[in-house]
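J.: Please find the sequence and the predicted model below.
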Amino acid sequence: MGIRLATLISITLSIHASARGYSQNVTFSGKDVSLQTVFASIEKQTGVSFFFNYALLKDSKPVSLDVHDMPLEDVLHRVLDGEGLSFYRSSKTIFIVKSQTGNGSLVRQARAALEITGVVQTENGHPLEGASVELKELNLKGQTDRNGQFEFKGLRAGRFTLVITYIGYEKYWHEVEISNNSVLLPIILKTSSSSLDQVQVIAYGTTTERLNVGSVTTVKSAELEKQPVTNPLLAIQALVPGMEITQSVGLPGSVVTVMIRGQSSISHATVPLYVVDGVPYPSQGLPGVSFLSLLGDASTGNPLSFLNIGDIESIDILKDAAATAIYGSQGANGVVLITTKKGKPGKTRVELQAQTGFGQVPEKLKLLNTRQYLDMRYEAFKNDKAAPNPSSDYDLTLWDTTRQTDWQKILLGRMAQYTAIDASIGGGNANTSFTFNGNYQKQTSIFPGSYNLKRASGHLAVNNVSPDKKFMVSFAGSYSISNNDLPGFDPTAAAVELAPDAPPLYKPDGSINWAPNSNGVSTWPTSSSNPYAVLSALFDAKTYNFISTATISYELLPGLVLMSSQGYGNLQSNSYTGVPWSSIDPSAWNANPRRAAFSETNNQNWTIDPRITYTGKLFTGKVEALAGMTLQNNKETGSSYIATGFPSDQLIQDITFATNVTAGFALNNTIRYNAGFGRLNYNWHDKYLLDLSARRDGNSSFGPANRFHNFYAIGVGWLFYKNEFAQKHFSSLSYGKLRGSWGTTGNGSGQAYAYLDPYTIIPVGVSYQGGVGLASAQPFNPNLEWEETRKSDVGLELGFFRDRILINANFYRNVSSNQLINYPLPDITGFSSIYQNFNAKLENYGWEFELRTKNIESKDFHWSSSLNLSVNRNKLISGAPGLSAFYQRLMGHPVNAGYYFHSLGVNPITGIYQYADSHGGATYSPNPATDLNTLFDPNRKYYGGFSNTFSYKNVQLSFTFYFVRHPQQNIYLFNSIPGSFNSLNGTNQPVDVLSRWRQPGDVSRIEKFNQDYSIASSRTYLNQSDLLLGDASFIRLQNVSLSWRLPEVQLKKMNLQDFTVFVHGQNVLTITKYEGLDPETGSSYIPYLPPLRIVTFGAKVDL
Amino acid sequence: MAVRILNKLWILAGLVALNGCAKLVTVPPPVTELSSENVYSTNSTASGVMTGVYIGFTLGPALSPGGASLYRFSLEGGLSADELTLYGGSTNSYQPLLQFYQNNLMGGGPGTDPQTIWFDCYSGIYKCNQALEKLSGPNGLTTSVRQQLTGEAEFMRAFFYFYLVTLYGNAPLILHSNYGDNVSLARGPQASIYRQIIADLLDAANLLTSGYVGGDAMSPTAERVRPNKWAAKALLARVYLYTGAYDSAEIQSSAVIGNTSLYDTTSLNSVFLKNSREAIWQVQPVNTGWSTPDAQIFVLSAAGPTTGNFNPVYLSPNLLGSFEQGDARRQNWIDSVIVNDTTYYYPFKYKSATYNAPVTEYEMVLRLGEQYLIRAEARAKENKIQEAQADLNIIRKRAGLSNTTANDQASLLAAIAHERQVELFTEWGNRWLDLKRTQKVDSVMGMPGDVCAKKGGTWKSDWQWYPVPVYDIVQDPNLTQNSGY
């Protein structure tokens, strides 16, 4: 198609035909005016541009014309026909040419030097400015101007090779025959298919990987859509070098922690800035209320899970200074730009996709069975020379010791259903395009009972361009409603810790089995209780998420565009937790009234970003300049109520039935940002790139004395593959760029009014004189300001064999200073510390590698791979007086490292854990002041992803491995002492405990069985000892996706654009030496639900 | 052209950056959160700041390591002096109390008690300083409320400085809230601190109301839990006595004693009841279910004293032996419990130590009995022997004792000192402060009394001053330690 259009046609072809079919009308009135004047007027009225050789008009006579609302082509005929001129039109350009029926001047000109002129356009008909044009044989070089036009003069007749190149487009290479003064038909350059030339979204603009001097990783929707997860962050987990993404519990919507290029702050937040279509998006949920504190309940979970992955066009992760300095005080931890889908011109397309599948817990712990459990208990009693106590050792005296229950199967063994339906409709013409997506998702849980997370969302994007392309307006908006009634309780700990002979959950009549003792008190261990009873507490969270952006722009002068983006986001959550008596042991009803908590939180963001951009030429290079300002407002509001005294379980959701309502929290915080920013980008012949950016940033959460600060960055790039030397000597080198950047960014407080001295109400049991008492927790700090991170970054990017192999290596070093820390004050000031900036420095340095290859590219078979690897090292490099002794000691080590006791294992004589003391001796009770001497660095050593995509005809298979080398506390022991029947925790143990110490002389890593806690004191140090430090490295088959597309012939027959069926698998397989449930979520003593293995099937149809 | 446009762009960017941003990032103070910017804009929140200071006297667990409450000075002062015995002596694992008991304070690691007194006083002083700054600036308060609160803040600042100067000697004199100016202050001489205390109290006595006001610092109430004019005068009388201005002490205590419409001595078992006519200023307990923390600490259960965080002390034989025959206070203000054939005597001034019993008692800070003793001492110093005897006899009569036989200045002063010991025992460290101000501390704690040795220590005269917390000496290079530490 492109080739056909681009075929060169000389002037002699008949061209009148093409002048039909457009209906713009023109009004003109003038006497004895030049043709140029007429053309200028028409250009103004219709947005077309004229293209002609001045020599042609040299001899033309002035014209007189008075037309009103006359079709354009008629007007042109009227003015041109008499001049021996004709015209043809391509897209919005009108070419003025000599009439075929002209006189002999043609012959005269043929003898003189010849000229050719032409215009270069994109596939959409936009002129391409700055394309380099070359006539090979004559060694003539030129560039296109603003209208995409070029010309060569003084030519002789002959055949020449015309080569046109422009970054981001495929090279045009064609033979032309010149026999006349020629005007070439528009030359259309095809967009490059190289990934180097795909759009990368950067701060307030776009670029391509080839021309970017900053360090940016882009993930496109195609990658995201393969992954049946609810949070887009989890979909990019293995794909972005330098970005650590960790899930802390496997519940959908739960907390996901993100760190880009290491921890840059000692005690402050390290979350990146999230920006959705230009609107800042909250990185953390607002507090909810829950009696059953669960890490990551939906209201405090990760707000990105309220975005629909299907609406996302791309996620761009900005890492270095050149990319992030323009975000100033919010850029230190990196910036994640999420861009939603926009309408594309073309025939209206309807796309439908449906998938359904299941999820399950991939791993089970091997636990003691009832026989082993009972033997353990009896051995413990033997060790302690004691007998079971009927009023506490229920597992031996009251429960049916012949029962055997696999609690993991009962509590975590179900299949979760996963269903997602997507529908989208989109299309438009060159001026207006739109897309509308709708999505519905439902995920049930693996817990017993019917719990689910539902989300419905809609996304609409519309954009419009005026016919002259000068005025542009666009809108994108999304709205989603999520309904989460997953239990506010993770029964995983109960599932692994409950004794295997614990009684059944239900009585035969279906009611909850409290298994009371003779006093009527439930015999279930308190914290896990009857797990079903706890699950039956009510939890319901509804979240409404609205994001919208509107952008208008106007091209004031050629290249000078004035624009403004306005964004508004509103994330609202209403959550409810209810504890009915049905979930409480009846004997404890008196002390535990029915209670319910209601909370409502709202996070509103608005932003206004007016800016002005200039694109043009400076000397012989291209310049892009941007200046703008931003005004941003973030408001968090919320409140909660705790109600008790409901008359019955049925009324527990109606607060009017409560006899006692107290307030929980009240939130009302506003942070305002205001900044002026600018960027200057200079591109000299696509060889040398320079990028300067700066921002003056103001933030209301800092002290009045330090509210403003400047941030800036410089980035440079050298595209050396364009160098003649490189082209001559390394012919396989198709791309090469060396780039570097340096600059400063800030880490803001994110906490409203952090500089203020808040007075809070002192909580008292009995109010003093019926009034409240107030206390101030910190002094007023007018100097509070941001932490600063200086980032340096060097990157080498190489492409070989026509970019079939792309290599990207990156080295960075970030030094974060001005750390926000609690600084000690003498008590005489009234406070023992103040939150203030502090000259401690933290360094992160590391390497990032990426290798992308197209291994096989044949007609039917394609195979491509990509590999990324990240290495980060963190170091506290300088302290300052006042930094706590803990951190002073960590100087030169990672800031999140820690000192542990050195375990000497189990004493072979006594069977009790012992530790090294500072004199080299052994002790059961090490001294935290002197004996914490083993340094442990819990940071990832390296991590990365390895993906492959195979396609054979219509079948495509892709898979991604995620690998992490990661030391971590390896929790193969539970919190309870093996052999004990602990009323707070569970009592069952991993089968590992069978290798325990039994008699003097035994060497084991498990202490002796014990039930009276006589060995508990040494046990308390175990958690701080190196005995549990281990390896949580893993390789995970993160995603597998197999799809089959209906062959083209059938599609045509059925009149479909596309029909694809697919299978997606997430978290398919994990290879690890880690002994707990899951190496990623297993960093805590209490086992959490691991990420589920999810497999879905589905189909996609394009009408 | 391009260059020119570019220039304009940068000028524009510069303008945007330089101009007006300050206003755009100004956010009004939070509406759900109070700060010094808006806490003084309404009567109720402004009075809440001072209420917060009073709450600090009884808040939290009665006795726990690191807990912060000045009322505990009744315990600690009693241990430092000769009033209390620490159960188990040196085997008591509660280190901070052992240090007080053996008079060998360690300079206070974080969270230990000597540090707590220092910190509580300065933390209170900060609040008073900030209150005084804000109350004298523009604010939205009713005049009467502003006056009352200014008086309360001055009174409380004087109160905290009184304990700093009597316990630590020289201390940094801090009169402003800006922490930046205060981080490196050196200690000021005692005399200047006393001058400040007297100035504050004189001003407070002018500003404070004559009656008692409620939580809004305005409406009259029967609750005697906010300082008033008479509280300022009562404390002033005490400070004049400590500084040897006996005539002034007599004038101030006479003013309080003369206000018979508010104050009168009551029977022994009514003295510590809430809002008793004896009370000049009390603080109201705020912990659910508990009356005074003093009762919680001192009143022994049937199990007797413990080495843990509850009931760690009982009365010393020294104090028990100092009561005269027939002193009704020995019967009414002291009780005992027998555990394993050992009788433990404990202070029983506050009697309500049962959880969830009705709150009948408030923590007494200033009371009329002390005023009689102050006036007696001041008058004795002024050689007004008969008037001094009369004051002393009022206290003795209430205790069921006959009139004093002391009839010259020396014997009368000794009789008053003795009366103070048995009247004010385990109240706010009065005994410890009396020993120090009358220069008896060396002869009582060291030879010949040798109380310190009886408690298991070896007395050093330097120990009459508590050490400045080491934490503060590290943070503030100009702060010096008391000698002997």
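T.: Thanks, I have it.

J.: give the contact list for residue 412.
T.: Picked chain A for this. The contact partners of A:L412, taken as C-beta atoms under 8 Å, 6 or more residues apart in numbering or on different chains, are A:V361, A:I446, A:F447, A:P491, A:T492, A:A495, A:L1089. (Glycine included, C-beta is placed from N, CA and C.)

J.: looking at chain B here, not the other one
T.: B:A376, B:A380, B:I385, B:A388, B:Q389, B:L392, B:T404, B:A406.

J.: Spell out which parts of the stretch 201-350 of chain A neighbour chain B.
T.: Residues of the stretch 201-350 of chain A lying close to chain B (C-beta under 8 Å from any C-beta of the partner chain): none.

J.: For the contacts of A:L412, give me CSV that also has distance to chain B, secondary structure and neighbour count.
T.: Shown next, in CSV, are the contacts of A:L412 (distance: C-beta to the nearest C-beta, whole Å; DSSP: H, G, I helix; E, B strand; the rest coil; neighbours: other C-beta atoms under 10 Å in any protein chain shown):
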residue, distance to chain B, secondary structure, neighbour count
A:V361, 42, coil, 24
A:I446, 40, coil, 21
A:F447, 36, coil, 25
A:P491, 34, coil, 23
A:T492, 35, helix, 27
A:A495, 37, helix, 28
A:L1089, 35, coil, 26
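
J.: what two of the residues you listed are the furthest from one another?
T.: A:V361 and A:P491 (11.3 Å; C-beta to C-beta).

J.: From the contacts of B:L412, list the ones also adjacent to chain A.
T.: Applying C-beta under 8 Å from any C-beta to these, none is adjacent to chain A.

J.: out of the contacts of A:L412, who's nearest B:S210?
T.: A:P491 (64.8 Å).

J.: isn't that closest one right next to A:P531, touching?
T.: Yes: A:P491 lies in contact with A:P531 (C-beta atoms under 8 Å); the separation is 4.7 Å.

J.: overlap in contacts of these two?
T.: Common neighbours of A:P491 and A:P531 (C-beta under 8 Å, 6+ apart) are A:L411.

J.: Could you point out which residue ranges in the stretch 1-150 of chain A have low pLDDT?
T.: A:1-23, A:90-91, A:99-113 (pLDDT under 70).

J.: Now the residue of it found nearest chain B: closest residue in space, sequence neighbours ignored.
T.: Closest contact between the stretch 1-150 of chain A and chain B, by C-beta to the nearest C-beta, is at A:R146 (11.5 Å). Of all residues not flanking A:R146 in the chain, A:E129 sits nearest, at 5.1 Å (C-beta to C-beta, 6 or more residues apart in numbering or on different chains).

J.: For the one you found, pull up the helix or strand it's in.
T.: Secondary structure assignment for A:E129, by DSSP states H and E: no helix or strand.

J.: swap in A:Y735?
T.: Counting by DSSP H and E, A:Y735 is found in strand A:733-747.

J.: what packs against that strand?
T.: Other helices and strands packing on strand A:733-747, by 3 or more C-beta pairs under 8 Å, 6 or more residues apart in numbering or on different chains; DSSP states H and E, are helix A:321-324, strand A:688-699, strand A:708-718, helix A:724-729, strand A:787-800.

J.: List the buried residues of that strand.
T.: Judged by neighbour count (16 or more other C-beta atoms under 10 Å in any protein chain shown), strand A:733-747 contains these buried residues: A:733-737, A:739-747.

J.: so which of the contacts of B:L412 is the most crowded?
T.: B:A376 (29 neighbours; other C-beta atoms under 10 Å in any protein chain shown).

J.: secondary structure class for that one?
T.: In three-state terms, and counting by DSSP: H, G, I helix; E, B strand; the rest coil, B:A376 is helix.

J.: Give the closest residue to it in space, chain neighbours not counted.
T.: B:D391 (3.7 Å).

J.: any idea which of the contacts of B:L412 is the one closest to chain A?
T.: B:A376 (33.5 Å).

J.: Does the closest one touch B:I385 like I think?
T.: No: assessed by C-beta under 8 Å, B:A376 is found out of contact with B:I385, at 10.3 Å.

J.: Could you check how far the residue in the stretch 801-950 of chain A that chain B sits nearest to is from B:G124?
T.: Nearest to chain B, among the residues of the stretch 801-950 of chain A, is A:G830, at 2.5 Å (C-beta to the nearest C-beta). Note on A:G830: its distance to B:G124, by C-beta to C-beta, to the nearest Å, is 8 Å.

J.: One more: A:V216?
T.: A:V216 sits 55 Å away from B:G124, going by C-beta to C-beta.

J.: what does the helix or strand that A:M376 is a member of rub up against?
T.: Applying DSSP H and E as the criterion places A:M376 in helix A:370-384. Helix A:370-384 is contacted by residues A:368, A:387-388, A:393, A:395-396, A:401-404, A:499-501, A:911, A:978-981, A:987-989, A:991, A:993-994, A:998, A:1008-1012, A:1014 when judged by C-beta under 8 Å, 6+ apart.

J.: Okay, and the beta partners of B:S336?
T.: B:Y345 (DSSP bridges).

J.: Just give me the neighbour total for it.
T.: Count around B:S336 with other C-beta under 10 Å applied: 14.

J.: thought A:L784 was touching A:F838?
T.: No: A:L784 lies out of contact with A:F838 (C-beta under 8 Å); the separation is 11.0 Å.

J.: Need the residues touching each of those two.
T.: By C-beta under 8 Å, 6+ apart, the residues touching both A:L784 and A:F838 are A:L820.

J.: quick one: A:L680 and A:G621, what's the gap?
T.: Distance from A:L680 to A:G621, by C-beta to C-beta: 12 Å.

J.: Equivalent analysis for A:G438, please.
T.: Distance from A:G438 to A:G621, by C-beta to C-beta: 46 Å.

J.: Repeat that for A:G47.
T.: Counting by C-beta to C-beta - A:G47 and A:G621 are separated by 29 Å.

J.: where does B:F159 fall, phi/psi-wise?
T.: Note on B:F159: backbone dihedrals following degrees, to the nearest 10 are phi -60, psi -50.

J.: do the one 10 residues further on as well
T.: For B:G169, the backbone dihedrals (degrees, to the nearest 10) come out as phi 80, psi -130.

J.: How about the one 5 residues further on?
T.: In terms of degrees, to the nearest 10, the main-chain angles of B:I174 are phi -110, psi 120.

J.: tell me the contacts of the closest residue to it other than its chain neighbours?
T.: The shortest distance from B:I174 to any non-neighbouring residue, by C-beta to C-beta, 6+ apart, is to B:N182 (5.2 Å). Shown in contact with B:N182 (C-beta under 8 Å, 6+ apart): A:P826, A:I828, A:T829, B:P172, B:I174, B:H176.

J.: quick one: the first one and B:V470 touch, right?
T.: When you say that, I think you mean A:P826. No: contact criterion C-beta under 8 Å: A:P826 and B:V470 do not qualify, at 10.9 Å.

J.: more neighbours, those two?
T.: The residue with more neighbours, out of A:P826 and B:V470, is A:P826; 28 against 19, by other C-beta under 10 Å.

J.: Nearest the geometric middle of chain A, what residue?
T.: Central residue of chain A (C-alpha atoms, centre = their mean): A:L233, 4.7 Å from the mean position.

J.: What does the pLDDT read for that one?
T.: Reported pLDDT at A:L233 in the predicted model: 93.

J.: does it count as helix, strand or coil?
T.: Assignment for A:L233 (three-state DSSP): helix.

J.: in which helix or strand would I find the residue of the stretch 251-400 of chain B found nearest chain A?
T.: Of the stretch 251-400 of chain B, the residue with the smallest distance to chain A, taken as C-beta to the nearest C-beta, is B:T288 at 2.8 Å. Assigned by DSSP H and E, B:T288 belongs to no helix or strand.

J.: residues contacting the closest residue to it other than its chain neighbours?
T.: Closest residue in space to B:T288, ignoring its immediate chain neighbours: A:G765 at 2.8 Å, by C-beta to C-beta, 6+ apart. Listed by C-beta under 8 Å, 6+ apart, the contact partners of A:G765 are B:V286, B:N287, B:T288, B:G289, B:W290.
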